[in-house]
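A.B. asks: make a model of this:
(2 chains)
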Amino acid sequence: MTATPTAPAGTTDQGRVITYSEAVREALAEAMSADERVFVLGEDIGVYGGAFGVTGDLYHRFGAERVRDTPISELGIVGAAVGAALAGMRPVVEIQFSDFTCQAMDQIVNQAAKIHFMLGGAAEVPMVLRAPLGSGTGAAAQHSQSLEAWFAHVPGLKVVMPATAEDAKGLLLSAIDDPNPVIVLEHKLLYRTSGPVPEGAGRVPLGKTAVRRRGRDVTIVATGVMVQRSLEAAERLAADGIDVSVIDPRTLSPLDDAPILEDVSRTGRALLVQEAPGHVGFTAEIASRIVESPAIYRLLAPIRRLSGLDVPIPYAPQLETAAVPQVDGIVDAARSLMKDS
Amino acid sequence: MSHSHPEAHADLEAGEFGPDLGEVFGPRQADGGPELVQLLTPEGERVEHPEFSFDLDDEAIKGFYRDMVLTRRIDTEATALQRHGELGIWAQLLGQEAAQIGSGRALRPQDYVFPTYREHGVAYTRGIDPLRLLGLFRGVDQGGWDPNEGNFGLYTIVIGAQTLHGTGYAMGLQRDGVVGTGDPDRDAAVVTYFGDGASSQGDVNEAFIFAASYNAPVVFFCQNNQWAISEPIERQTRIPLYQRALGFGFPGVRVDGNDVLATYAVSKAALQRAREGQGPTFVEAYTYRMGAHTTTDDPTRYRLSEDLEHWKLKDPIQRVKVYLTRNGLADQDFFDEIDVEAEKLGEHLREGCKALPEPRILDIFDYVYAEGSPEIDAQREGFAAYLDSFETAGGHR
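C.D. replies: So this is what the prediction gives:
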């Protein structure tokens, strides 16, 4: 059984399937068409169409003013976006690899996240920063990280990690509407995956957890590309008679924890899956929310976290695969969780 | 997505930068402008320059020719290996051989190099076996050479970061007392390489500030190959890059990066200034990236084939060959022998690459911390047990 966001009324093609990358582009195009204040800026996003092909033909549709190729200066890109947002624009930054946010951290963390607070609400920073994250493409240690926990730790930022094409579009549209700085982290391996995005599909609200599958025995909470892997694992586990839920928080900050706590209270077993290294990772927050709630009294087994190893992402393909959770590992962890209880 | 939109430049010239771009620093295909230091023309003729001269003999020029042919072979062989799936990625240097050999050969053993990921020619001049470079791009090791053996740092991937490392190292040389002693075997300098795109990074500009503030013995060697992936040089600067140095308070020079004599002469002078304690110099080697940014890139999506044809006429190797031939300095045997040598080098790379030992999965845990860590050790043990739980996985350990 699955529960995905409901499609809006008045859609014309409920069966339309597009790629995650096309869904992001569609959101950008719709937002730019609807609102003159929206523009995108980043490296190689113009004629080149983006390092991962996400902006595609937007440069030809909207022109160089609204699809801005920038100098190779991430701090400059984000700083300019913060300034534009303060002046009433709705900038959407693309940082070519989320790892390069390291070069822009002052503008993200010290500026964008805090200006509204420090000016006593007199100004807003309605900017969006999109960036591809994650491993699996042979891009090595400085182009493969999953840094979502850093951003989720900063008050003033909102953080989303869309796991499906429909969410890629819907969450981005909501992020662009939002009056706060929103970090949108798109997993590189998802760009070429496809999913149903009904014609005219609209906004997916920020801060609303999705239950992708409802099961009896184990609650799997997963983010990013781990959602799909967990759903694959769920199919294999079902063949063994283990029936799992798969829950996708989608928005890491603010976190809608109620559906997670409710599900864990029902199954009594929690398996938390992320690609990022486990140490001080995002799923540690989920585990804390469980043990800080009455759900703790319903646990039949210790909470289990399955994370990337606490190492930089290696470049060699076989090592890279081994460094982060795969479907086999998720199946294995769910089985052992059943044995432990 | 795939595009072919030759209007890319037109947009830049007609749009955001105004119509006077050409008045600022000449039309796009100008030969680097009047300030370009050139000692060997694209037609293979030696020319004089009031400030810089080439002070080695024709044998040295023949040596540079050999260096450049072998460097190009390293590049083309590695590109082919990538196409055959033997390397994950390769960053091509095609067209930049003279900039790298000229500057690399101007170094003394005690000088130190901080490269980007494209300095295969400089690596060669520092005695690094190119097979070591392939190991890195094949992913079987994490940089297989000892930086202190040839004073050649590990490749830096994140754009511009190494300019700060180079500046810091140069400040260390000052504290070591090996700057301005007058002893040519002792005085040392640093050269740090970067590209035109990197010139927009804060790191690079902060390196300039530090080098100027401390008068550090560092040469900032920028290979302006005109492209930062798809973004043309006009996106990074409105003035010739070398002129930026003036604002930071040290000299800047634009040299024909496809002229190995001029890059040698200018690099030598800049390095000597540094070693003597006269501080940093910015060298802009004006060249062209004939290949792709890396093997994942397709430059036909964003640049004109006419540009490429124009720069083919300025080939760094061909002009030396013409010079040597026209002046009777080398016969056919000389060129044939080098071709044979290049062929052998190609074989060495092809066979050596495939024979590189594969990494083992538990290698993941090595080198995370300098002295290991109990947590990582525990994770290694747990992972080993996990691998052992699969019947077939033992071999991967």
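A.B. asks: what sits against the one residue in the stretch 201-350 of chain B that gets nearest to chain A?
C.D. replies: Residue of the stretch 201-350 of chain B nearest chain A, by Cβ to the nearest Cβ: B:S230 (3.5 Å). Where you see a C-beta, it was placed from the backbone N, CA and C, and this is true even at glycine. Counting by Cβ atoms under 8 Å, 6 or more residues apart in numbering or on different chains, B:S230 touches A:D44, A:G46, A:V47, A:Y48, A:D69, B:A8, B:P299, B:R301, B:Y302, B:R303.
A.B. asks: so how far is B:R303 from the third one?
C.D. replies: In other words, A:V47. 9 Å (Cβ to Cβ, to the nearest Å).
A.B. asks: who's more crowded, those two?
C.D. replies: A:V47 (26 against 19; other Cβ atoms under 10 Å in any protein chain shown).
A.B. asks: okay, B:D388: pLDDT?
C.D. replies: Among the per-residue scores, B:D388 shows a pLDDT of 89.
A.B. asks: count the neighbours of it for me.
C.D. replies: B:D388 is flanked by 11 other residues according to other Cβ under 10 Å.
A.B. asks: phi, psi of it?
C.D. replies: Backbone torsions of B:D388, given as degrees, to the nearest 10, read phi -70, psi -20.
A.B. asks: may I have the distance across stretch B:214-223, first residue to last?
C.D. replies: 24 Å (Cα to Cα, to the nearest Å).
A.B. asks: do that stretch and chain A meet at all?
C.D. replies: No - Stretch B:214-223 does not reach chain A (Cβ under 8 Å from any Cβ of the partner chain); its nearest approach is 12.8 Å.
A.B. asks: I'd like the average pLDDT over that stretch.
C.D. replies: pLDDT averaged over stretch B:214-223 gives 98.
A.B. asks: can you check the pLDDT for the residue nearest the centre of chain A?
C.D. replies: Compute the mean C-alpha point of chain A, and by Cα atoms, centre = their mean the closest residue is A:M161, 0.8 Å away. Note on A:M161: pLDDT of 98.
A.B. asks: A:V109 too?
C.D. replies: 98.
A.B. asks: wasn't it part of a strand?
C.D. replies: No - counting by DSSP: H, G, I helix; E, B strand; the rest coil, A:V109 falls outside a strand, being helix.
A.B. asks: that one: neighbour count?
C.D. replies: 18.
A.B. asks: and it, how far from A:L133?
C.D. replies: Distance, A:V109 to A:L133, by Cβ to Cβ: 17 Å.
A.B. asks: any regions of chain B where pLDDT drops low?
C.D. replies: When residues are selected by pLDDT under 70, those of chain B lie in B:1-31, B:391-397.
A.B. asks: do chain A as well
C.D. replies: A:1-13.
A.B. asks: just give me the longest strand of it.
C.D. replies: strand A:270-277 (DSSP state E).
A.B. asks: buried sites along whatever helix or strand comes next after that strand?
C.D. replies: Tracing the chain past strand A:270-277, the next element assigned as helix or strand by DSSP states H and E is helix A:282-291. Across helix A:282-291, burial judged by 16 or more other Cβ atoms under 10 Å in any protein chain shown covers A:F282, A:T283, A:A284, A:E285, A:I286, A:A287, A:R289, A:I290.
A.B. asks: state the distance from the most centrally placed residue in chain B to chain A.
C.D. replies: Residue closest to the mean C-alpha point of chain B, counted by Cα atoms, centre = their mean, is B:E119 at 3.2 Å. Note on B:E119: its distance to chain A, by Cβ to the nearest Cβ, to the nearest Å, is 18 Å.
A.B. asks: phi, psi of that residue?
C.D. replies: Dihedral angles (degrees, to the nearest 10) for B:E119: phi -90, psi 50.
A.B. asks: how about the strands in the stretch 201-341 of chain A?
C.D. replies: Here the stretch 201-341 of chain A has its strands, by DSSP state E, counting those that start in this stretch, at A:210-213, A:218-222, A:244-248, A:251-253, A:270-277, A:304-308.
A.B. asks: in its sheet, what does the longest one sit against?
C.D. replies: If you go by DSSP bridges, strand A:270-277 pairs up with strand A:218-222 (parallel), strand A:304-308 (parallel).
A.B. asks: what's the answer for the fourth one, then?
C.D. replies: Each strand paired with strand A:251-253, and its direction, by DSSP bridges: strand A:158-160 (antiparallel).
A.B. asks: elements contacting the helix or strand that the partner strand is followed by?
C.D. replies: Moving toward the C-terminus from strand A:158-160, the next helix or strand (DSSP H and E) is helix A:165-177. Using 3 or more Cβ pairs under 8 Å, 6 or more residues apart in numbering or on different chains; DSSP states H and E, the elements in contact with helix A:165-177 are strand A:17-19, helix A:20-34, strand A:128-133, strand A:158-160, strand A:182-187, strand A:194-196.
A.B. asks: export these to JSON lines and tack on mean neighbour count?
C.D. replies: Below are the helices and strands packed on helix A:165-177 laid out as JSON lines (neighbours: other Cβ atoms under 10 Å in any protein chain shown):
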{"stretch": "strand A:17-19", "mean neighbour count": "17"}
{"stretch": "helix A:20-34", "mean neighbour count": "22"}
{"stretch": "strand A:128-133", "mean neighbour count": "26"}
{"stretch": "strand A:158-160", "mean neighbour count": "25"}
{"stretch": "strand A:182-187", "mean neighbour count": "27"}
{"stretch": "strand A:194-196", "mean neighbour count": "17"}
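A.B. asks: of all the ones you listed, which lies closest to B:V283?
C.D. replies: In this view, the helices and strands packed on helix A:165-177 are compared for proximity to B:V283 by Cβ to Cβ, and strand A:128-133 is the closest at 33.9 Å.
A.B. asks: what packs against the next helix or strand along the chain from that closest one?
C.D. replies: Note on strand A:128-133: by DSSP H and E, the next helix or strand toward the C-terminus is helix A:148-152. Judged by 3+ Cβ pairs under 8 Å, 6+ apart, helix A:148-152 is in contact with strand A:158-160, strand A:182-187, strand A:251-253, helix A:282-291.
A.B. asks: what's helix A:148-152 in contact with?
C.D. replies: Applying Cβ under 8 Å, 6+ apart, the contact partners of helix A:148-152 are A:108, A:133, A:157, A:159, A:161, A:183, A:185, A:223-224, A:252-253, A:255, A:276, A:280-282, A:285.
A.B. asks: switch to 6 Å and redo it
C.D. replies: With contact meaning Cβ atoms under 6 Å, 6 or more residues apart in numbering or on different chains, helix A:148-152 is reached by A:L157, A:V159, A:I183, A:L185, A:L252, A:S253, A:G281, A:F282.
A.B. asks: ditto for stretch A:70-82
C.D. replies: Applying Cβ under 6 Å, 6+ apart, the set of residues contacting stretch A:70-82 is A:41, A:91, A:93, A:95, A:100, A:103-104, A:107-108, A:111-112, A:125, A:127, B:159, B:197, B:200-202, B:228, B:235-236.
A.B. asks: around chain A, which positions in the stretch 151-300 of chain B sit nearby?
C.D. replies: Where the stretch 151-300 of chain B comes near chain A, counting by Cβ under 6 Å from any Cβ of the partner chain, the residues are B:157-159, B:197, B:200-202, B:228-231, B:235-236.
A.B. asks: hmm, which of the residues you listed are the buried ones?
C.D. replies: Burial by neighbour count, 16+ other Cβ under 10 Å: within those this picks out B:157-159, B:197, B:200-202, B:228-231, B:235-236.
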